[in-house]
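Engineer: Next input, structure requested:
(2 chains)
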Amino acid sequence: MVKATKVSNHIRSLRFANGEMTQAELAERIGVTRQTVIAIEKGKYSPSLELAFRIALVFNVSLEEVFSFGDKTS
Amino acid sequence: MSDVSFGEKTTWIYAVVTVGVAVAYFATIFGQDPGVDVTEIAYFQPMLMAVSAAVLLTVIAQILIAIASPKEGDKKDERDTHINRFGENVGYYVLSLGILIVLGLVVAEVEHFWIANAIYLAYVVAALISSIAKIVVYRKGFWPW
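Structural biologist: I've put the predicted structure just below:
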């Protein structure tokens, strides 16, 4: 249950590409705490599918443009 | 803004209060004259008081922290829920082991004093291990899927 994930994400770059959106603002828009956004960005938490879709919706991109499986780019 | 979530703060509070009160209780009960027969030690009322005090202090501390950081005080998300479930699961196994030990004490027909205190100790150890598990995954990362 507690093992590192192979899922990486591009949330940090997407935030900067979207008017340098803060972690607090993203957290507010997807309905989680700022600490959870930090954990997701750092790859320390894998969000549920629903939360992953909510993140993609905020940036108006597809899920694959936010998360990828196997590579370590972030 | 703090990098420690409200969920992690409440976990710390629960652990510190539960263990702190238990240490005070056991120090009071076992700090008496070593020659005293355990059947003469009034443990039941102090134990009830300790459990009540732990619950009360935890609630008060959580309210104070919520007041200190009102923006975070009512926020609990899926990560908090998953981490809480994981920690409670760990605590369940520890408590189960504790219950088996208590069962052994019952079978051995030891004094009620030891059985009651073993139950309380099992609860405290389970709460501590559960809290440690939660804090570790809050810090190191958690991948529930």
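Engineer: Can you report how many residues lie near B:I115?
Structural biologist: Residues within reach of B:I115, counting by other Cβ atoms under 10 Å in any protein chain shown, total 16. Where you see a C-beta, it was placed from the backbone N, CA and C, and this is true even at glycine.
Engineer: Is it correct that it is in contact with B:V106?
Structural biologist: Yes - in this structure, B:I115 is within contact of B:V106 by Cβ atoms under 8 Å, at 6.1 Å.
Engineer: can you list the residues of chain B near chain A?
Structural biologist: Within chain B, the positions adjacent to chain A are B:1, B:3-8, B:72, B:75-80, B:86, B:137, B:140-145 by Cβ under 8 Å from any Cβ of the partner chain.
Engineer: B:G98 contacts B:A126, correct?
Structural biologist: Yes - at 6.2 Å, B:G98 counts as touching B:A126 under the criterion of Cβ under 8 Å.
Engineer: Neighbour count: those two, which is higher?
Structural biologist: Between B:G98 and B:A126, B:A126 has the larger neighbour count (other Cβ under 10 Å), namely 22 against 19.
Engineer: From A:F59, how far off is the more buried one?
Structural biologist: According to Cβ to Cβ, to the nearest Å, B:A126 and A:F59 sit 42 Å apart.
Engineer: ditto for B:A54
Structural biologist: 45 Å.
Engineer: who's more crowded, those two?
Structural biologist: Of the pair B:A54 and A:F59, B:A54 is the one with more neighbours under other Cβ under 10 Å, namely 22 against 18.
Engineer: Contacts only, for that one.
Structural biologist: When contacts are counted by Cβ atoms under 8 Å, 6 or more residues apart in numbering or on different chains, B:A54 touches B:17-18, B:21-22.
Engineer: hmm, try it at 10 Å
Structural biologist: B:14, B:17-22, B:24-25, B:123-124, B:127 (Cβ atoms under 10 Å, 6 or more residues apart in numbering or on different chains).
Engineer: Pretty sure B:V4 sits against B:R139.
Structural biologist: Yes - applying Cβ atoms under 10 Å, one finds B:V4 in contact with B:R139, separated by 9.5 Å.
Engineer: neighbour count winner among these two?
Structural biologist: B:V4 (16 against 12).
Engineer: Spell out which parts of chain A neighbour chain B.
Structural biologist: Contact residues (Cβ under 10 Å from any Cβ of the partner chain) of chain A with chain B: A:1-7, A:23-24, A:27-28, A:30-40, A:42-51.
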